[in-house]
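Colleague: structure of the sequence below:
(2 chains)
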Amino acid sequence: MDLGPYTSFIATSYLAVLLVVVLLIGWIALDYRAQKARLRTLEQSGISRRSGRSAADIR
Amino acid sequence: MALLDLANPSRFLTLAARLLPWLAAVTIVLLAAGLYLSATAPDDYQQGATVKIMFIHVPNAWLSMFVWGIMSVASLGTLVWRHPLADVAAKAAAPIGASFTFLALVTGSLWGRPMWGTYWEWDARLTSVLILFLMYLGLIALWRAVEDPSRAARAAAVLTLVGAINLPIIKFSVDWWNTLHQPASVMRMGGSTLDKAFLIPLLAMAIAFSFLFVTLHVAAMRNEILRRRVRSLQMQQARAFVSEVSAGTSAPTQIIGAA
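Modeller: Predicted coordinates:
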């Protein structure tokens, strides 16, 4: 695929989108793990929800 | 499951756990198809291969406005109906919308340099999109600045609805003012002026990016619900700590996660 004289502009655009989307996915995935870990730690210390159900188990 | 059932955060979490793998799979397939169609699209007779930037610039630009629109509807849900998931939806959407707006600005700039001869011009379209980006950042800062989520939600909802005035300004800026940015060529009265060779890959990428947004939004909403559960349990723990201390009982338990 020949992109001509503007290859750098096209490639940079697609790389920028890839980078931001990967960062967004990574941030959301890490945040999920962090919240689950905090909930497990709280539950292990004896704090539970009023309903009695586990806050970390969402299935 | 009725739509009203989704007002229950626990039911939303159950649904999200079931939906997310499917949403992610569909998004990957659609993105692969969209990228293939974009890569095999012909060069434009005037713009050459730089037309390929359009396939990522336009979906990001559309989504930058669409996400604010979603947040505006959610803000109505917060202020009018006090829907329990409305402010969760708005808060979770803001960083994703800010990312799409940032990408619309960056890819537009990279497309503008070879086509217009400049990365940036303070014309109505570019400036109004930059204002949208700054408003996203302002909303994110507001949510982080106010500790109580329900208080932050009301202030953010008002700001979001006021900011929605910018959406028609962005959309019609190219018609109301003489701008360097081209007028609408897809969503316009009289139909698209784009040739099918460009329109099909563009729509494929727009659908793919829309699914990407839905997937990320559902995942981010799930995180926000869990964050609020953490906060709720920490407050419960703090109350237990205070009552133990005031009752003068044995050494109180350590507050987990407290600063």
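Colleague: when you work out contacts or count neighbours from here on, use the C-alpha atoms and nothing else.
Modeller: OK.
Colleague: could you list the low-confidence segments of the chain?
Modeller: Picking chain A for this. A:50-59 (pLDDT under 70).
Colleague: meant chain B actually
Modeller: Within chain B, the ranges that satisfy pLDDT under 70 run B:1-6, B:189, B:249-259.
Colleague: how deep is B:Ser173 tucked in, by neighbour count?
Modeller: By other CA atoms under 10 Å in any protein chain shown, 22 other residues sit near B:Ser173.
Colleague: just the element for it, please.
Modeller: helix B:166-176 (DSSP states H and E).
Colleague: got a list of contacts for that helix?
Modeller: B:65, B:124-125, B:128-129, B:132, B:179, B:181-184 (CA atoms under 8 Å, 6 or more residues apart in numbering or on different chains).
Colleague: distance between that helix and the chain's centre?
Modeller: Remark: helix B:166-176 is offset 19 Å from the chain centroid, using CA atoms, centre = their mean, to the nearest Å.
Colleague: check stretch B:231-243 too.
Modeller: Using CA atoms, centre = their mean, the offset of stretch B:231-243 from its chain centre is 33 Å.
Colleague: what residues sit buried inside it?
Modeller: The neighbour-count check on stretch B:231-243 (16 or more other CA atoms under 10 Å in any protein chain shown) flags B:231, B:233-234, B:237-238, B:240-241 as buried.
Colleague: please identify the helix or strand for the most centrally placed residue in chain A.
Modeller: Nearest to the mean C-alpha position of chain A, by CA atoms, centre = their mean, lies A:Ile28 at 1.8 Å. Using DSSP H and E, A:Ile28 maps to helix A:7-44.
Colleague: tally of neighbours for residue 17?
Modeller: Using chain A. 21.
Colleague: could you do chain B instead?
Modeller: 16.
Colleague: on the three-state scheme, it is what?
Modeller: helix (DSSP: H, G, I helix; E, B strand; the rest coil).
Colleague: tell me how far stretch B:24-35 is from the chain's mean position?
Modeller: Using CA atoms, centre = their mean, the offset of stretch B:24-35 from its chain centre is 19 Å.
Colleague: next, the buried residues of it.
Modeller: B:24, B:26-28, B:30-31, B:33-35.
Colleague: ok, now stretch A:9-16?
Modeller: Buried, per 16+ other CA under 10 Å, within stretch A:9-16: A:9-10, A:13-14.
Colleague: turn the residues you listed into a markdown table, columns for distance to B:Leu15.
Modeller: Listed next are the buried residues of stretch A:9-16 as a markdown table, based on distance: CA to CA, whole Å:
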| residue | distance to B:Leu15 |
| --- | --- |
| A:Phe9 | 41 |
| A:Ile10 | 39 |
| A:Ser13 | 35 |
| A:Tyr14 | 33 |
